[in-house]
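In: Give me the fold of what follows.
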Amino acid sequence: MIYLVLFTTLAVAMVAVSGNNLTAARNLSDVAVAQANAESGLRWMEYRFVHMTRPKTSLGTITAEVAADLWPAIANAVVSDLHSLLLNIERPVTSGTTSVTSSAIATDAGSFTVTVARHPLWAGDPLDSRHLRVTSAGVYGSATRSASVDFLIDKRSKFAVVGKVPIQLGRNTLVEGPVAMATANKYPPVLMLGDFEHLDATLKSQITAWNAFLKGSSTVNGKTVRNHTGYDNRVAMTNATEAKLAADAGYADTNGDHSIDEYDLFLAHYDADHDGAIDRGEFTGSNGKLVDAELFDAIDSLGGPLFDGDITRLGYKDGKIDNSDGYMKVRGQIAMATTANDWSNNLGSGKEIRDMVQGPIATADPSQPAVRFGATTEDIFDLDPANFEECANLYRGKSGSGGGAASKTSTVLTNAAITAADANGGSAVERTPYGSTSWQATYQRPVFRNMTFRNCTIPKGLNALFDNCKFEGVTFVDVERNIITSGTTVRYDSGSGSTFAKKMKTGSFSNTTTLTTNNSYGFTKGNNLRFNDCTFNGPVSGGYATAYTHFANSWEFTGATLFDNRIDQTATIVAPQTNIEMGSFTNPGSAPSTLIGVVVAGNIDIRGTSVVDGSIIVTGDGAGNTTLAYFGASDSDTDAGALPEGGYGRLNIRYNPNRTLPDGINVAIDITPERNTYREGEQ
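Out: Numbers count the residues shown, from 1 in each chain. Alright, predicted model coming up:
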């Protein structure tokens with residue numbers, strides 16, 4: 001009996017303990033699911049901030065006061081977005097003067113409720129109205145857990161290069177930041193050339209074989225698998241299958257960055273002492289010169305300081321190429337509106353997307369694909385050129401009479417409109433684009449030489465050549481705003497813009513006919529300009545036209561034209577429907593420049609040795625492509641071909657998040673998470 005009582009007691013105790021353990025385990029499980037729901041709510045709201053209709057502002061800098069004024073519109077946008085949810089039960093919203101709270105949003109297990117509140121949240125809050133706190137309360141069973149993240153209200157381009165026409169990134173062009181092409185039906189949306197194939201015949205054959213390997217397939221465990229998935233052109237060592245296939249094919253992670261790409265082949269080829277770096281001596285050819293001095297400098301100058309006082313990175317411009325430089329062809333995601341299937345279907349027989357996108361790509365977020373298809377306007381931003389008209393007009397107001405009292409001498413014009421009568425170099429007849437073997441038109445130009453222009457305007461119809469001139473302050477170029485080809489109907493399409501450019505007063509248009517004010521409407525209403533060996537110490541802006549007009553509104557910067565913008569750090573060029581040609585078709589290294597802030601153009605081709613410290617924004621839809629780097633002697637070339645005089649030049653395009661946009665660009669604000677503010681629990 002004693003044993004029976006003992007065993008019974010132990011059994012009851014074990015049942016009690018087991019029950020308690022089960023309850024505790026269930027509670028812990030509920031807590032874990034509730035916490036997961038809370039974090040899901042944060043990610044859900046981050047997604048909604050990107051895809052909801054966010055308010056617009058033409059102000060370039062979002063101050064605390066501007067953010068406070070924007071809060072009602074932000075709150076209304078959040079409410080409207082939540083009202084669009086599929087389930088009626090999830091649509092009700094609780095709104096206050098400083099916060100918006102959703103209904104319970106169901107998950108696969110449990111739910112979450114999200115509150116968006118504007119700072120400051122309490123007296124002494126270190127965060128001001130530019131910040132929003134998103135708090136998500138997750139629920140599962142009887143457990144409730146919360147988490148929060150602060151978001152920043154801001155306005156940035158977000159892209160190193162973004163446009164509406166195909167983007168070409170040539171040799172020696174390195175991009176530090178995201179790239180986006182916003183038009184779905186233009187091909188190839190992106191064309192990238194590698195940076196190492198032209199250096200050496202042996203290296204070229206190795207890179208050709210590497211690219212073929214990336215495109216190829218192998219048999220693993222009786223199944224056919226691709227050697228590499230994705231379009232980043234890098235095999236990660238963390239992908240065991242791909243890493244083994246690459247190793248079996250003879251490829252190695254030479255620089256030890258846990259991936260294999262064509263930089264490893266480049267390093268192995270030139271690193272004679274196997275120290276993981278290529279110095280100038282190792283990169284010197286038998287002729288005593290660097291194999292490609294511009295490429296060497298382009299890589300060595302990656303990751304430069306982004307603002308005064310910024311810490312200079314280890315290895316910056318230290319005369320050698322190594323891991324500290326962090327070489328990538330593109331360091332950021334490439335987003336495009338087209339789909340992979342549509343692009344593939346547009347390629348010729350035997351071609352793949354990988355043939356168009358060469359060189360390593362690394363995204364800031366490893367969980368995101370290097371190349372993203374099907375991007376929307378919300379993912380990029382609205383590139384309608386009309387959104388930039390107000391910005392251009394603000395620069396108009398700072399030039400000419402807007403700059404102050406006008407004065408003119410034989411060599412210096414201040415706060416004045418430049419006229420043909422001010423020309424001191426006679427006239428010249430030349431083709432445009434200058435130096436191209438596929439020119440579009442021929443112009444008779446008044447010539448200005450060795451003159452200085454301060455805060456001057458260039459009236460429409462001038463179509464001048466400025467040679468060795470200096471432009472100080474703000475320069476504004478006027479054009480015909482409303483593009484009309486016949487009658488009174490204003491046109492917005494690039495086809496009509498081309499018709500506008502070719503419309504003649506007398507005779508018929510051909511690219512060999514010399515256009516003048518007497519025979520061409522495009523001449524008198526547009527502005528086709530060439531700046532040769534000029535210096536710009538401030539921004540240059542152009543008026544908005546309703547349609548992209550090809551050569552009628554076009555500026556060429558040739559020779560050793562230099563941009564050294566000391567006046568306005570937000571923008572160097574704002575010309576929303578103007579074609580921009582920078583550099584030489586024959587000697588790309590002859591025109592070094594630094595473009596600070598945004599460069600807004602209808603289209604832009606850069607063939608020089610330049611640095612873009614900001615963003616390139618292409619708003620026009622009529623050009624064949626945006627060409628960044630040398631692609632041959634023809635304006636229509638898409639392959640670099642033979643090495644030009646002086647080499648390919650170089651182009652470092654660096655997205656700089658510290659550069660605010662200029663006022664007048666009417667695009668939506670951004671609401672982005674500040675990752676380091678994540679907190680669990682009520683804060």
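In: Pull the number of nearby residues for Thr513.
Out: Neighbour count of Thr513, defined by other C-beta atoms under 10 Å: 15. (Glycine included, C-beta is placed from N, CA and C.)
In: separation between it and His550?
Out: According to C-beta to C-beta, to the nearest Å, Thr513 and His550 sit 16 Å apart.
In: With Asp292 instead?
Out: 34 Å.
In: ditto for Thr377
Out: Taking C-beta to C-beta, one finds Thr377 at 25 Å from His550.
In: repeat for Phe213
Out: Counting by C-beta to C-beta, the gap from Phe213 to His550 is 42 Å.
In: By average pLDDT, which secondary structure element in the protein comes out worst?
Out: Here the helix or strand of the chain ranked lowest by mean pLDDT, DSSP states H and E is helix 2-51, holding a mean of 74.
In: Quick check: which element contains Ala268?
Out: Assigned by DSSP states H and E, Ala268 falls within helix 262-270.
In: Now the element after that helix, going C-ward?
Out: Using DSSP H and E, the next helix or strand after helix 262-270 towards the C-terminus is strand 278-279.
In: contact partners of that next one?
Out: Contacts to strand 278-279, defined as C-beta atoms under 8 Å, 6 or more residues apart in numbering, come from residues Phe266, Leu267, Tyr270, Asp271, Gly319, Lys320, Ile321, Asp322.
In: Could you tell me which of those residues count as buried?
Out: Using 16 or more other C-beta atoms under 10 Å as the burial test, the contacts of strand 278-279 include Phe266, Leu267, Tyr270, Asp271, Lys320, Ile321, Asp322 as buried.
In: what's the most distant pair in the contacts of strand 278-279?
Out: Spanning the widest gap among those are Phe266 and Gly319, at 17.2 Å by C-beta to C-beta.
In: about what we covered before: between Thr377 and His550, which one's more packed in?
Out: Ranked by neighbour count (other C-beta under 10 Å), Thr377 and His550 place His550 first, with 25 against 12.
In: contacting residues around the more buried one?
Out: Gln440, Ser494, Gly497, Ser498, Ala501, Asn579, Gly622, Ala623.
In: quick one: which of the residues you listed is nearest Gly309?
Out: Comparing the contacts of His550 against Gly309 with C-beta to C-beta places Asn579 closest, at 37.3 Å.
In: The nearest residue to the closest one once chain neighbours are set aside: neighbour count?
Out: Leaving aside its sequence neighbours, Asn579 sits nearest to Ser554 (C-beta to C-beta, 6 or more residues apart in numbering; 4.1 Å). Applying other C-beta under 10 Å, we find 26 residues neighbouring Ser554.
In: partners of Ser554 in the sheet?
Out: Asn528, Asn579 (DSSP bridges).
In: So which of the contacts of His550 belong to strands?
Out: Asn579 (DSSP state E).
In: filter the contacts of His550 to the buried ones?
Out: Buried members of these, counted by 16+ other C-beta under 10 Å: Gln440, Ser494, Gly497, Ser498, Ala501, Asn579, Gly622, Ala623.
In: Turn those residues into CSV, columns for pLDDT and distance to Lys408.
Out: Shown next, in CSV, are the buried ones among the contacts of His550 (pLDDT from 0 to 100; distance: C-beta to C-beta, whole Å):
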residue, pLDDT, distance to Lys408
Gln440, 95, 33
Ser494, 94, 37
Gly497, 96, 34
Ser498, 96, 36
Ala501, 97, 31
Asn579, 96, 30
Gly622, 91, 36
Ala623, 91, 36
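In: which one among those residues gets closest to Asp257?
Out: Minimum distance to Asp257 across the buried ones among the contacts of His550 is 37.0 Å, recorded for Ala623 (C-beta to C-beta).
In: From the contact counts, what lies against the longest strand seen in the chain?
Out: Criterion DSSP E: the longest strand present in the chain is strand 593-606. In this structure, strand 593-606 makes packing contacts with strand 562-563, strand 571-582, strand 610-618, strand 626-628, judged by 3 or more C-beta pairs under 8 Å, 6 or more residues apart in numbering; DSSP states H and E.
In: between those strands, which gets nearest to Ala240?
Out: Closest of the helices and strands packed on strand 593-606 to Ala240 is strand 626-628, at 36.7 Å (criterion: C-beta to C-beta).
In: which outside residues touch the closest one?
Out: Contacts with strand 626-628, where a contact means C-beta under 8 Å, 6+ apart, come from 161, 163, 165-170, 173, 603-607, 616, 618, 651, 653.
In: Give me the buried entries from those.
Out: 161, 163, 165-170, 173, 603-607, 616, 618, 651, 653.
In: For stretch 289-306, output the C-alpha coordinates as CSV.
Out: Presented in CSV, the C-alpha positions along stretch 289-306 are these (Å, rounded to 0.1, in the frame of the first residue of the first chain):
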residue,chain,number,x,y,z
LYS,A,289,53.2,53.1,-69.3
LEU,A,290,50.2,51.9,-67.2
VAL,A,291,48.1,49.4,-69.1
ASP,A,292,45.1,51.6,-68.5
ALA,A,293,45.8,54.6,-66.2
GLU,A,294,42.2,55.8,-66.2
LEU,A,295,40.9,52.4,-65.1
PHE,A,296,43.5,52.2,-62.4
ASP,A,297,42.6,55.6,-61.1
ALA,A,298,38.9,54.9,-61.3
ILE,A,299,39.2,51.8,-59.1
ASP,A,300,41.6,53.4,-56.7
SER,A,301,39.3,56.4,-56.2
LEU,A,302,36.1,54.4,-55.4
GLY,A,303,34.4,55.1,-52.1
GLY,A,304,35.6,58.7,-51.8
PRO,A,305,34.5,61.2,-49.1
LEU,A,306,30.8,62.1,-49.4
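In: so where's the protein uncertain?
Out: 1, 3-28, 584-592, 631-648, 682-683 (pLDDT under 70).
In: any chance you could map the helices in it?
Out: For the chain, the helices defined by DSSP state H occupy 2-51, 64-83, 201-215, 240-248, 262-270, 293-300, 340-346, 353-356, 389-396, 494-502, 521-525.
In: And the ones you listed: which comes nearest Asn532?
Out: Each of the helices of the chain has some distance to Asn532 by C-beta to C-beta; the shortest is helix 521-525, at 19.8 Å.
In: Would you mind writing the CA trace of the closest one as CSV?
Out: In CSV, the C-alpha atoms belonging to helix 521-525 read as follows (Å, rounded to 0.1, in the frame of the first residue of the first chain):
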residue,chain,number,x,y,z
TYR,A,521,11.8,77.1,-87.2
GLY,A,522,13.7,74.6,-85.0
PHE,A,523,16.7,77.0,-85.2
THR,A,524,14.7,80.1,-84.0
LYS,A,525,12.7,78.3,-81.3
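In: Show residues contacting that helix.
Out: Contact with helix 521-525 is made by 443, 460-461, 463, 479-480, 500-505, 515-517, 549, 551-552, as judged by C-beta under 8 Å, 6+ apart.
In: In PyMOL, how would I select just the buried ones from those?
Out: In PyMOL, this line selects whichever of these come out buried by 16+ other C-beta under 10 Å:
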select buried, resi 443+460+461+463+479+480+500+501+502+503+515+516+549+551+552
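In: what about stretch 100-117, start to end distance?
Out: Using C-alpha to C-alpha, to the nearest Å, the end-to-end distance of stretch 100-117 comes out at 7 Å.
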